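**Q** only geometry, no sequence info:
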């Protein structure tokens, strides 16, 4: 029988993040998924660090509940998906739908993850953020913006693509239409 040509295709973001290029000599295609953005899930499993994540969603605060140390955001399942991770760091076992990062004043860039501040639950349009005791609750106001790293960047990127992507340098990138 004639020889069958087989193309070898591999892919997923964790593999792409840890494989050595010399191991790719027989590979014709690699499909790394969300490698371009990374996300909280990838950081939690060690494919990247939190500072490697290239996507944060800017969510307005729509309500404050100081007695519970919670903020309500306009940012829910339709923005983030309902994917979640189980925290393995500061409070093992808690459910996380997104990680809040420090905003940099007068900048589209963001800073480090705020330890203990996370998207605890989400509904269709809204999310509840826990504010840890170390953070000044009064620094968060209705109308203010929180930047949240998504658990699954693919879904966030897809749902937000109709608006385009705003880079940290203020440039809009529009996705090609199918």
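**A** Cool, got the structure. Keep in mind that this is a model prediction, so the values were computed, not measured.
**Q** show me the contacts for the closest residue to residue 97 other than its chain neighbours.
**A** Excluding its sequence neighbours, the residue lying closest to residue 97 (Cβ to Cβ, 6 or more residues apart in numbering) is residue 119, at 4.1 Å. Where you see a C-beta, it was placed from the backbone N, CA and C, and this is true even at glycine. Residues in contact with residue 119 (Cβ atoms under 8 Å, 6 or more residues apart in numbering) are 73, 75, 80, 96-100, 127-129, 148.
**Q** measure stretch 2-14 end to end?
**A** By Cα to Cα, to the nearest Å, the extent of stretch 2-14 from end to end equals 36 Å.
**Q** quick one: contacts of it?
**A** Under the contact criterion Cβ under 8 Å, 6+ apart, stretch 2-14 has outside partners 26-35, 38, 42, 45-47.
**Q** hmm, try it at 7 Å
**A** 26-35, 42, 45, 47 (Cβ atoms under 7 Å, 6 or more residues apart in numbering).
**Q** swap in stretch 126-144?
**A** Counting contacts by Cβ under 7 Å, 6+ apart, the residues touching stretch 126-144 from outside are 60-64, 66, 69-76, 97, 100, 114-121, 146.
**Q** tell me the secondary structure for residue 22?
**A** Residue 22 carries the three-state label helix when classified by DSSP: H, G, I helix; E, B strand; the rest coil.
**Q** tally of neighbours for it?
**A** When neighbours are counted by other Cβ atoms under 10 Å, residue 22 registers 6.
**Q** what of residue 114?
**A** Here the neighbour count serves as a burial measure; for residue 114 (other Cβ under 10 Å) it reads 19.
**Q** would it be right to say that it lies in a strand?
**A** Yes. Residue assignment for residue 114, taken from three-state DSSP, places it within a strand.
**Q** low-confidence bits of the protein, can you list those?
**A** Within the chain, the stretches with pLDDT under 70 are 90, 178.
**Q** that one: helices as residue ranges?
**A** Counting by DSSP state H, the chain has these helices, from start to end: 13-18, 40-45, 77-80, 153-160.
**Q** got those as CSV, with distance to residue 110 and mean neighbour count columns?
**A** Conversion of the helices of the chain to CSV gives the following (distance: least, Cβ to Cβ, whole Å; neighbours: other Cβ atoms under 10 Å):
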stretch, distance to residue 110, mean neighbour count
helix 13-18, 21, 16
helix 40-45, 14, 21
helix 77-80, 16, 20
helix 153-160, 14, 19
